[in-house]
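Just to be clear, the model below is a prediction. Sequence and coordinates:
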Amino acid sequence: EVITDEDNPCHPINEPGCTTDEFCVLINSGDTAFCICNSTIANPNCSTDNNCTEGETFCNHGQCVKKDNGSIFCVCNVGYCGADCKDVVHVTEEPKVVTEEPNVNSSGSYQPPENTKWDANNEIWKPVYYDAHDFNPHDPFVNATFIDNFDGTTIPRTCDEGLPCVDSPYRTIDGTCNNLDNPTWGAADTVQLRFLDPIFKTGTSTSDNIPRSENLKSAREISNEVFNAIHNQHWSEKHTASLLWLGQFLSHDLGLTKQPKGTFSIINISLGQILVLDLGLIKKHKEPKNCCNETNLGDERCFTIAVPDSDQYYTVKCKHFTRSIIGTKGCLPSSTNPKDNYKEINNFQTSYIDLSLTYGNSDEEAKELRNLTGGRLNVKISEQGQHLLPERNDTLECPMKKKNGSGYCQKTGDPRVDNINFIGATHLLMVRAHNWIADNLTEINPHWDDEKLYQEARKILIALFQNIVYKEYLPEVLGPYLSKNNKLCVNDTGYQDDYNTTYNGQIRNEFMAAAFRWGHSILPGHQAYLLADHCLMDWYTVIDTFKCSEMLYANGGMNLTAYVRWMSWEKSMKNDRFMEDEYRNYLFGGEDLAARNIQRGRDHGLSTYNHFRTFCGLKPVSFDDFILEDHDWESSNALRNLYSNADAIDLYVGAMTEESAGGSILGPTFTCLTIKQFSLIRASDRYWYERPGMFTLDQLNSIKQVKLAKLTCQVFDIPTIQEHVFVRVNYNQ
Ligand code: HEM
Ligand SMILES: [Ca+2]
């Protein structure tokens, strides 16, 4: 339908009733419009925070912020409050002291690594135990003729090519039919793809799927040696904690790998398939009680982590760990080569950036999350009138409830919502934003029914999120230079179309199981509330808040504003190899996230670090070099101590120890994999928000103005926040 200026309520741009700080958003046909704040910031009157150019010393222990009316105020550092940040606040845990570990000795030269001897011929320190190993990453793939599941049943190689597709203006809930030629590409509950062939145990068939173990140190030992953050707490100079909550939320939109769980059911008819109930198969998908029990030796669902004797935290010698669930649906690479017939890990989320974690991954789930009136999503309204995430009906499992009889689990399109308050708050942000948009649409389109309101609000919110990811988030991660040069950039205005129907955007195993887990390095070990006067209150160690979203719904949700203010304001940690103890020793009551990441990579048979360096056009690292390429002396030493051969280094370990480069906060290998995956996600999405036909030019340009700051302020009733939520106020580049 052609819209003339006359029947376009957004012409002139400030109609109907938008202030000069707002943009008019035109929805679909010409009869609908509403205002979105232009300046990103604020509610209710779009005021903007500015950095102070004067008065810096005025805020003794804090940062000075200038409002656009010229007045200045202080945002105090942790532990201080008051108008001039002089008053000391009692916090329950002192922030740790930042100390840089020197890697040079007092005379300024390199310290010789332990267990090395001077090689006078080559004038380098050589590890005394070094010898060329027989580790062969190009292990032959033999005797693999079919893909099978945990219980040995044969799984047909299927692409569901016959799936009937209707070309709808709205994307499907489960992601099918985004690609009309290959309807399951990127759909939920299909198998992940890979950048490189997997590597499993030498001498076994790839279809046996047995993790490699030759000459490999335990994942926990590597975690202790490489990821241990003691005395190394490094804060980011530039980034706020927003970089992590948005990153975690985005990662949960793209992928969900499940492990056998007590209540897990593999029956899913979202792709219209009829699965025969196989009791044996269901048993296999139940979690073995404890893989460390001798009775579970040899259980193929188990892959325990050995604890070294030297361990400073764990007294047990074995940590329970279960292997990821193998998928049955989707397109595996079609090949007559038996080596391709390996088992593949399932992805339970759609691979598109489509807020599948908010709207659900199947039609049934989506319906349960909807209010079915006014296009709204379900919320739980507290006595204090706050809109919170709805309660899950299996709340009995809620750890809080088990502990003290109160508390509940939250319901969204993703089971990880209660893992940590950050992710729950971000889920709530999106649900509230959806309802805010739906309510606006209802007001200007009283004649629209629930379905139309829901779909239009969903379409707008997904567009806003895609824009935030590519315009605000990725440039902060990869650096502006990289995002401009790699087809990831988003122009300020106008359409852009790189859609390519031959691209399959399905998440790559290496991206989910390794690369995108870099975010675990930037997690701070505490949680807090930041009050409106910018006093920091109630400092909690994160250990007390795992699997419990009490900070969000406590007091009927009345503390949310302060929590979200804190999580938008707090510093993130630097992206480096160090992971805070809270996650490396005490996650979920005693898990090690770094060790789990390493073990997960082996579980999934990820190819090795050097293979990915080659894949990315980087020189493989060699233990012949005193300092490994893209590494510092300390991490080179650690890797040499842990691996018998540079070709054996696990992808996650080799890449996380790299120095960041080229304006990216990631090292070159993860920068490369991140760019590849995000280029694919965009170019494979037929419903990409910048494509002509999705929105009118006015609508698109309005959407491109909306920053994460705007959404955050709008739905959490925060009057001011820094414009670029990911960047700390007063950060000077
Ligand atoms: C905020 C606190 C966070 C916690 C407590 C957390 C915890 C976890 C846990 C327990 C796993 C599963 C580990 C396993 O394989 O057994 C995981 C997976 C993962 N995490 Fe995090 N994470 C957090 C933040 C982040 C961030 C900031 C990012 C990225 C920027 C991220 C990206 C991922 C990815 C991509 C996976 C794999 C998901 C899958 O395949 O299902 N996480 N995380
Ligand atoms: Ca998704």
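Yep, it's here. Ligands and ions are numbered 1, 2, ... in the order given.

Can you name the residue of the stretch 201-350 of the chain nearest to ligand 2?
Here the stretch 201-350 of the chain gets closest to ligand 2 at one residue, residue 350, 3.7 Å apart by C-beta to the ion. Backbone N, C-alpha and C define where each C-beta goes, glycine included.

wouldn't residue 716 be in contact with residue 558 here?
No: with contacts counted by C-beta atoms under 8 Å, residue 716 stays clear of residue 558, the gap being 11.7 Å.

Which residue ranges of the stretch 401-550 of the chain form helices?
In the stretch 401-550 of the chain, helices defined by DSSP state H, counting those that start in this stretch lie at 421-444, 450-467, 474-485, 509-513, 550-553, listed in chain order.

The stretch 551-700 of the chain now?
With DSSP H, counting those that start in this stretch as the criterion, the stretch 551-700 of the chain has helices spanning 560-569, 581-584, 593-603, 609-615, 633-642, 651-656, 668-683, 697-703.

Between those helices, which one is closest to ligand 1.
Evaluated over these, closeness to ligand 1 peaks at helix 593-603, with 3.7 Å, by C-beta to the nearest ligand atom.

For that closest one, name the packing helices and strands.
Helices and strands in packing contact with helix 593-603 are listed as helix 219-222, strand 305-306, helix 509-513, helix 581-584, helix 651-656; criterion 3 or more C-beta pairs under 8 Å, 6 or more residues apart in numbering; DSSP states H and E.

follow-up on the earlier one: let me see the confidence value for the residue of the stretch 201-350 of the chain closest to ligand 2.
What the model reports for residue 350 is a pLDDT of 97.

The stretch 351-500 of the chain against ligand 2: which residues are in contact?
For the stretch 351-500 of the chain, the residues in contact with ligand 2 under the definition C-beta under 5 Å from the ion are 354, 356.

So which residues on the stretch 351-500 of the chain come close to ligand 1?
When proximity is defined as C-beta under 6 Å from any ligand atom, the stretch 351-500 of the chain approaches ligand 1 at 419-420, 422.

of the residues you listed, closest to ligand 2?
For ligand 2, the closest of those turns out to be residue 419, at 17.7 Å, with distances computed as C-beta to the ion.

Contact partners for the closest one?
Remark: with contacts taken as C-beta atoms under 8 Å, 6 or more residues apart in numbering, residue 419 is in contact with 546-547, 588.

now those residues in CSV, with neighbour count and distance to residue 613?
What follows is the contacts of residue 419, written out as CSV (neighbours: other C-beta atoms under 10 Å; distance: C-beta to C-beta, whole Å):
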residue, neighbour count, distance to residue 613
546, 18, 35
547, 17, 37
588, 13, 33
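
restrict those residues to those near ligand 2?
Filtered for proximity to ligand 2 (C-beta under 5 Å from the ion), the contacts of residue 419 leave an empty set.

any idea how far residue 632 is from ligand 2?
Computed with C-beta to the ion, to the nearest Å, the distance linking residue 632 and ligand 2 is 36 Å.

Ok, residue 709 next?
Residue 709 sits 23 Å away from ligand 2, taking C-beta to the ion as the criterion.

close enough to count as contact, that residue and residue 722?
Yes: distance between residue 709 and residue 722: 6.8 Å, which falls inside the contact criterion (C-beta under 8 Å).

Common neighbours of those two, please.
By C-beta under 8 Å, 6+ apart, the residues touching both residue 709 and residue 722 are residue 568.

Neighbour count for the two, which is higher?
Here residue 709 and residue 722 are set side by side on neighbour count (other C-beta atoms under 10 Å), and the busier one is residue 709, at 27 against 24.

Tell me the secondary structure of that one, please.
Using DSSP: H, G, I helix; E, B strand; the rest coil as the criterion, the local structure at residue 709 reads helix.

That one and ligand 1, how far apart?
Per C-beta to the nearest ligand atom, to the nearest Å, residue 709 is found 19 Å from ligand 1.

How about the residues of this protein by ligand 1?
When proximity is defined by C-beta under 6 Å from any ligand atom, the chain lies next to ligand 1 at 244, 247-248, 251, 255-257, 419-420, 422, 512, 516-517, 519-520, 523, 593, 596, 600.

Drop anything exposed from these.
244, 247-248, 251, 255-257, 419-420, 422, 512, 516-517, 519-520, 523, 593, 596, 600 (16 or more other C-beta atoms under 10 Å).

Can you give me the neighbour number for residue 579?
Burial of residue 579 is recorded as 28 neighbouring residues (other C-beta under 10 Å).

Then residue 541?
Should you count by other C-beta under 10 Å, residue 541 turns out to have 14 residues around it.

again with residue 309
Applying the criterion other C-beta under 10 Å, we find 7 residues in the vicinity of residue 309.

Contact partners for the residue lying closest to it once chain neighbours are set aside?
Leaving out its chain neighbours, the residue that sits closest to residue 309 by C-beta to C-beta, 6 or more residues apart in numbering is residue 317, at 7.9 Å. For residue 317, the contacting residues are 306-307, 309, taking C-beta under 8 Å, 6+ apart as the criterion.

between those residues, which is closest to residue 642?
Using C-beta to C-beta, residue 306 comes nearest to residue 642 of those, at 13.8 Å.

Return the residues in contact with the nearest residue to that closest one once chain neighbours are set aside.
The shortest distance from residue 306 to any residue other than its chain neighbours is 4.1 Å, reached at residue 218 (C-beta to C-beta, 6+ apart). Contacts for residue 218 (C-beta under 8 Å, 6+ apart) come out as 305-308, 595.

and whichever residue of the chain sits closest to ligand 1, what does it touch?
When distances are taken as C-beta to the nearest ligand atom, the chain reaches nearest to ligand 1 at residue 519, 2.2 Å away. By C-beta under 8 Å, 6+ apart, the residues touching residue 519 are 244, 247-248, 251.

And residue 619, by the same measure?
Under the criterion of C-beta under 8 Å, 6+ apart, the neighbours of residue 619 are 613, 629.

could we number from 18 for the rest of this?
Taking 18 as the first residue, the last one we looked at is residue 636.

got the residues of the stretch 218-367 of the chain near ligand 2?
Residues of the stretch 218-367 of the chain lying close to ligand 2 by C-beta under 5 Å from the ion are 270, 366-367.

Let me know how buried residue 401 is, in neighbour terms.
Neighbourhood size, residue 401 [other C-beta under 10 Å]: 10.
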